[in-house]
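[1] Pasting the sequence and the predicted coordinates here, then a few questions.
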2 protein chains.
Amino acid sequence: MSEDYSLWYNELVKKADLAENSPVRGCMVIKPYGFAIWEKMQATLDKMFKETGHSNAYFPIFIPKSYLSKEADHVEGFAKECAVVTHYRLMQAEGQKGVVVDPDAKLEEELIIRPTSETVIWNTYKNWIQSYRDLPLKLNQWANVVRWEMRTRLFLRTSEFLWQEGHTAHETEQEAKDETLLMLQVYTDFVQNFMAVPVVQGIKTESERFAGAVDTYCMESLMQDGRALQAGTSHFLGQNFAKAFDVKFATKDGGLDYVWGTSWGVSTRLMGALIMAHSDDKGLVLPPKLAPTQVVIVPIFRSEEQLEAISVVASGLLQQLNELNVSAKFDDRDTYKPGWKFAEYELKGVPVRIAIGPRDLENSTVEIARRDTSEKQVISQSEVGAEVKHLLSEMQEGIYQKALRYRDQHITSVESYQQFKEVLEQKGGFIKAHWDGTAETETRIKEETKATIRCIPLDQEKSPGVCVYSGKPSEQTVLFAKAY
Amino acid sequence: MSEDYSLWYNELVKKADLAENSPVRGCMVIKPYGFAIWEKMQATLDKMFKETGHSNAYFPIFIPKSYLSKEADHVEGFAKECAVVTHYRLMQAEGQKGVVVDPDAKLEEELIIRPTSETVIWNTYKNWIQSYRDLPLKLNQWANVVRWEMRTRLFLRTSEFLWQEGHTAHETEQEAKDETLLMLQVYTDFVQNFMAVPVVQGIKTESERFAGAVDTYCMESLMQDGRALQAGTSHFLGQNFAKAFDVKFATKDGGLDYVWGTSWGVSTRLMGALIMAHSDDKGLVLPPKLAPTQVVIVPIFRSEEQLEAISVVASGLLQQLNELNVSAKFDDRDTYKPGWKFAEYELKGVPVRIAIGPRDLENSTVEIARRDTSEKQVISQSEVGAEVKHLLSEMQEGIYQKALRYRDQHITSVESYQQFKEVLEQKGGFIKAHWDGTAETETRIKEETKATIRCIPLDQEKSPGVCVYSGKPSEQTVLFAKAY
């Protein structure tokens, strides 16, 4: 990890059976173990969405080309790199093996595979919303989307990825703004309390804003190599899409007005954040709340009889853990040695390992080890349930605190552009600096250093100063970083 | 329903807020209420898949065109009507508004949007399977697929649909066959016990077999208009895909052999079956186990004070039902009258309706009504929990038995082709008849009557006879029907 972070990440994703590249350019295969983690993330988020009054629905994967052009900024942002369906039939190749595109089956209007669904959804909302009685409309969909990427990395940037996209419609500007911030908070709770990754909440600059939004709010997290990763965004759309798709409603006082909108999403990119935020040279470190298997029991035995005796103990422990809602498994395979299994479960990031050997049988003990600190202790078998609960909760909190310390140590305030560049190169992390608020300065800094403005943090007092680059007056500091 | 079944179905799907057509040809929007039912189906099936040892994973939506051709039958079946991605970029149209396809961004090899994923998955399995230790491999994915359809109907036949597809790999032929039948049984349990729709298990004739399978097993159900609907299929693939994608494994005894495979799937088509099997002129009839809301409480009041007093009772009932794991809601909107609400919840298929009015307040009673039979009774408030549980379970069983009676009354054995045609036109349903086993006879009957062989039922004794069409010798009877 310390030698080549990027290589370490790629190897870890593959070796821990999380995902791999597919032969289709830029697309990944999410392997069963990786998908089991994603499923836990999905289930948790889905529950949080429903608890905040959202329902799921499903909209078509295809977007007619002309829809993209209806919102001027949106088409700028999304029409460039996308998968275009032009034909709907293949035919036997004449005089050769295989199939070719049937030229007679050309679509009148090309279809784009959704890079995001605002256009197709607002086109539908037009028919669903007539009156204030139809509002608010708070929907979410879990879906695959495609953005044609030239440089891809597993989970972090792939041409096809899985995500959820929320799309809501409201009577008033204030309601839509409240919804935008509510979902930012839901995401923050999830990322911090389940993924154990601390985030900075902020607002994007104009150049980093979602194409078609009035304001884009974001959570920015920091990886162990000092690079930032945008963990999720929540957009206040104003009336932009309502105007583009003519979505008006009869107001309470008998008028007619355009609807106010929001959209918000997180994706399989979060898997990348989860992996990079906590893992180490031995492999994955998973927060207990998202680990598919929280406890593994490994028997250490030389004879069949020993294995049988250990199995009796193990099955008692499994039952006990099961009753405590802890997901545990007993790996009694005789095709692998205990040492191999230890390494395997460290690689897979199983939070707690319990080993039971002949001496433990004699003493009614087990050896219990936690993944994050590698601490081991021998405890009585009767203490296992309580100790596992204790370790899982301590580990969930412990890896969060560790990531938080790292993050806090890597927010550096700088006063000069020279210092900016030094910190960026030598220390990395977030750089807190005054910025004059112009896109020109932002672009120049990006071109010269590859650092971008990650966000204007929400949680700060405005304090005037001078821009670290231009020396012009500045109202507030922003966070710069190199980012994934 | 009795006047125009097809129109009744379309109207019901739209009015009950289940789904609607999107402006994109052949694609549907699944609305929140429809999706809530699908989510319950998904959750139930997913649990059953996991209990039978399957894990979820995710494979790319894109299939390189050449993959389709690797399995000769498969390409025949699936290469015809499919969405073809030929380009990966749009550009500003010169001198006009909007965007056009960038001719420079043409893909070297076209990509097909998966109509099913055998090819991309077996291409991946090649890397995952080396030895018998890697087997069995039992994966499932929940995904969207696209088959370009010319005539579409909401849920029953759409160009894009949602489904799950299981893909398993095994050491031996027997294991793969067992898996095929196991999944047929899992599907059957689900459709009968949760959807309350009786099915006939059978095997498809060669002409109806999945393209690339050795054998296709199916469940056939019967709708209330006497047409059959294929509710799900489970395919024994033999070594066909292993050979096409060169997936070999080191056997236990040191040899090298091709892997044996299966695949199986059910889709949002099941929503169509669910709707058509039970509903009536008043709207949806949902099996309690899949109803998003199982009980609705409607207050009947003239004054604020009455509503307040009813609300106290209702909230006590809600809590009680909640503790019994019954999903219930209290509709206290004052913008709609009770009569409107009654009709609305009948349309939506909510299994149990509880009405509370002023007289009920005096007598500590409620009026409780079940959706399927419209039976109403007045019971004491203290009996509500027990009565709701009783009604839900009785209704789940009742609508199954009703559908079973209808189905059994609509399996008609015929001895002559004349009788065949009469039954088909006048009564509909399944026609049980001897068939000579030739594709020629099958095709002629289909051309002349539009009836197809739905399946060769598994649960029958072989009994020789003569073919209803050709008069040639026949080994067994098969089920014919007009089908969705």
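    Arrived safely. Residues are numbered from 1 along each chain as shown, chains lettered A, B, ... in the order given.
[2] Burial check on A:E447, number of neighbours?
    A count of nearby residues for A:E447, using other CB atoms under 10 Å in any protein chain shown, gives 8. In this view, the C-beta of every residue, glycine as well, is placed from N, C-alpha and C.
[3] show me what contacts it?
    The contact partners of A:E447, by CB atoms under 8 Å, 6 or more residues apart in numbering or on different chains, come to none.
[4] isn't there a helix covering it?
    Yes. Counting by DSSP: H, G, I helix; E, B strand; the rest coil, A:E447 falls inside a helix.
[5] Distance-wise, check the residue in the stretch 101-250 of chain A that chain B sits nearest to relative to A:V24.
    Using CB to the nearest CB, the single residue of the stretch 101-250 of chain A nearest to chain B is A:W148, 4.4 Å away. Distance of A:W148 to A:V24, computed by CB to CB, to the nearest Å: 12 Å.
[6] cool, A:Y258 as well?
    41 Å.
[7] ok, those two, which is more surrounded?
    A:V24 (21 against 17).
[8] In three-state terms, how would the more buried one be classified?
    Once three-state DSSP is applied, A:V24 turns out coil.
[9] who touches it in this structure?
    B:60, B:62-64, B:111, B:120.
[10] again, 6 Å this time
    Contacts for A:V24 were tallied using CB atoms under 6 Å, 6 or more residues apart in numbering or on different chains; they are B:60, B:62.
[11] Check whether the residue of the stretch 101-250 of chain A closest to chain B sits in a helix, strand or coil.
    Per three-state DSSP, A:W148 ends up coil.
[12] Identify the residue nearest A:D459 in space, chain neighbours excluded?
    Nearest residue to A:D459 in three dimensions, chain neighbours excluded: A:Q201, at 6.7 Å (CB to CB, 6 or more residues apart in numbering or on different chains).
[13] Count the residues that sit near the one you found.
    18.
[14] correct me, but it touches A:L458?
    Yes. Here A:Q201 reaches A:L458: they are 4.7 Å apart, a contact under CB atoms under 6 Å.
[15] mind checking the SS state of the residue nearest the centre of chain A?
    The C-alpha lying nearest the average C-alpha coordinate of chain A belongs to A:L270 (CA atoms, centre = their mean; 1.8 Å). Of the three states, A:L270 takes helix according to three-state DSSP.
[16] ok, now how distant is it from A:T44?
    Counting by CB to CB - A:L270 and A:T44 are separated by 11 Å.
[17] rewinding a little: kindly tell me how buried the residue of the stretch 101-250 of chain A closest to chain B is, as a neighbour count.
    Residue neighbour count, defined by other CB under 10 Å, stands at 22 for A:W148.
[18] So it sits against A:K80, correct?
    No. Look at A:W148 against A:K80 with CB under 6 Å: they stay out of range, at 8.3 Å.
[19] The host helix or strand of A:K329 and chain B in contact?
    A:K329 belongs to strand A:328-330 when assigned by DSSP states H and E. No. Judged by CB under 6 Å from any CB of the partner chain, strand A:328-330 stays clear of chain B, getting no closer than 13.3 Å.
[20] what residues does that strand touch?
    Here strand A:328-330 makes contact (CB under 6 Å, 6+ apart) with A:293, A:295-297, A:314, A:318, A:321.
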